[in-house]
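K.L.:
Any chance you could fold what I've pasted below:
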Amino acid sequence: MGKRIEPFNFKQCVSIVKSTGKHAKNLRELRKRISQVSDESIYHHVYQYFLKGHILEYTNDFAHWAGEHLEESALSERLTSIDPYTGEYTDEKSLVKRLASTEPYTLDSVNKVRKELIREIDSFLQAFPEPHDVVKGNEFYFNETVSLVFPVGVKTRNLAEFLVAIEHIDAGSIYYHFYDSRVRLGEGMVDDFSRWIEHGLGKKKLADRIRGIDPFMHSIESIRTHIREIVEKYVRADMEGVAD
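P.N.:
Residues are numbered from 1 along each chain as shown. Alright, predicted model coming up:
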């Protein structure tokens, strides 16, 4: 008798935003507030950035504000390069350093992300110690979120069913299983989808391909498309007897 496969139970994340009452009109105030606000606020502005459907040029609200309202592109690029899931910087120099190192460095907590944000801002302020104020109305407002997670009533037991679900599931579900899970599971770049495909279905190579999708290079809808295309290609190859 074969091993019983646990179905993949799709869930969805909905966030209720609440104000902290804190805001910043320049970079020094931003730095001060980042050091003061709760972990929930940092999580909202960094980890939940892609749930908001913002501009893909940036990867968090702080980088977005620095680029769009402070008009400090150099700082925005540095803040954008912080990867809260792996702790690695996404530029070429950091990639070389990563490949040369045998010890992985991860930002495995919101507090470490906070420190990296402050470090980058401090470095910028050393070079430009007199930051200007933004135009009134463009201040950075710090928020927090209360996240509600609930099953959506969709379960899949094989890749064919998974393909149909991925095509139609809400974007909030894609976010929860592909982005939020990287923090929730505490396993680096492992997400819910690839984890189930590897451990539930026993298809590690397919799981590795899912994990290879860079979350910072795509919108949620683009993530959906990439997952669908990868799984669809595998299913087609499997039907032809050539899947690895």
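K.L.:
Please make it C-alpha for all contacts and neighbour counts, starting now.
P.N.:
OK.
K.L.:
what does the longest helix belonging to the chain contact?
P.N.:
In the chain, ranked by residue count with DSSP state H as the criterion, the top helix is helix 220-239. For helix 220-239, contacts defined as CA atoms under 8 Å, 6 or more residues apart in numbering pick out 50-51, 53, 159-160, 163, 166-167, 171, 174-175, 206, 209-210, 213, 215, 243.
K.L.:
Quick check on these: which are buried?
P.N.:
Phe50, Leu51, Leu163, Ile166, Ala171, Ile174, Tyr175, Leu206, Ile210, Ile213, Pro215 (16 or more other CA atoms under 10 Å).
K.L.:
Let me know the closest of the residues you listed to Val190.
P.N.:
Closest approach between the buried ones among the contacts of helix 220-239 and Val190, by CA to CA: Ile210, at 9.2 Å.
K.L.:
quick one: buried residues of the longest helix of the chain?
P.N.:
So helix 220-239, judged by 16+ other CA under 10 Å, has buried residues Ile220, Ile223, Arg224, His226, Ile227, Arg228, Ile230, Val231, Glu232, Tyr234, Val235.
K.L.:
What of stretch 179-192?
P.N.:
Tyr179, Asp180, Ser181, Arg182, Val183, Gly188, Met189, Val190, Asp191, Asp192.
K.L.:
that older thread, and of the buried ones among the contacts of helix 220-239, the nearest to Val110?
P.N.:
Closest to Val110, out of all of these and judged by CA to CA, is Phe50, at 16.5 Å.
K.L.:
Does that closest one touch Thr59 like I think?
P.N.:
Yes: with contact defined as CA atoms under 8 Å, Phe50 reaches Thr59; the gap is 7.4 Å.
K.L.:
middle-most residue in the chain, spatially?
P.N.:
Tyr179 (4.5 Å; CA atoms, centre = their mean).
K.L.:
Tell me the secondary structure of it, please.
P.N.:
Three-state call for Tyr179 (DSSP: H, G, I helix; E, B strand; the rest coil): helix.
K.L.:
OK, contacts around it?
P.N.:
With CA under 8 Å, 6+ apart, Tyr179 has these contacts: Tyr47, Asp191, Pro215.
K.L.:
Show me the strands in the chain, by range?
P.N.:
Per DSSP state E, the chain has strands spanning 8-24, 140-156. These are given in chain order.
K.L.:
Please compute how far stretch 111-131 lies from its chain's middle.
P.N.:
21 Å (CA atoms, centre = their mean, to the nearest Å).
K.L.:
any low-confidence regions in the protein?
P.N.:
1-3, 54-55, 86-108, 185-188, 242-244 (pLDDT under 70).
K.L.:
Tell me, how many residues neighbour Ala66?
P.N.:
Ala66 has 24 neighbouring residues, counting by other CA atoms under 10 Å.
K.L.:
Identify the residues contacting it.
P.N.:
Glu72, Ser73, Leu75, Ser76.
K.L.:
Distance to Lys155 and neighbour count for those residues - can I get that in JSON lines?
P.N.:
Shown next, in JSON lines, are the contacts of Ala66 (distance: CA to CA, whole Å; neighbours: other CA atoms under 10 Å):
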{"residue": "Glu72", "distance to Lys155": "46", "neighbour count": "15"}
{"residue": "Ser73", "distance to Lys155": "44", "neighbour count": "14"}
{"residue": "Leu75", "distance to Lys155": "44", "neighbour count": "20"}
{"residue": "Ser76", "distance to Lys155": "40", "neighbour count": "25"}
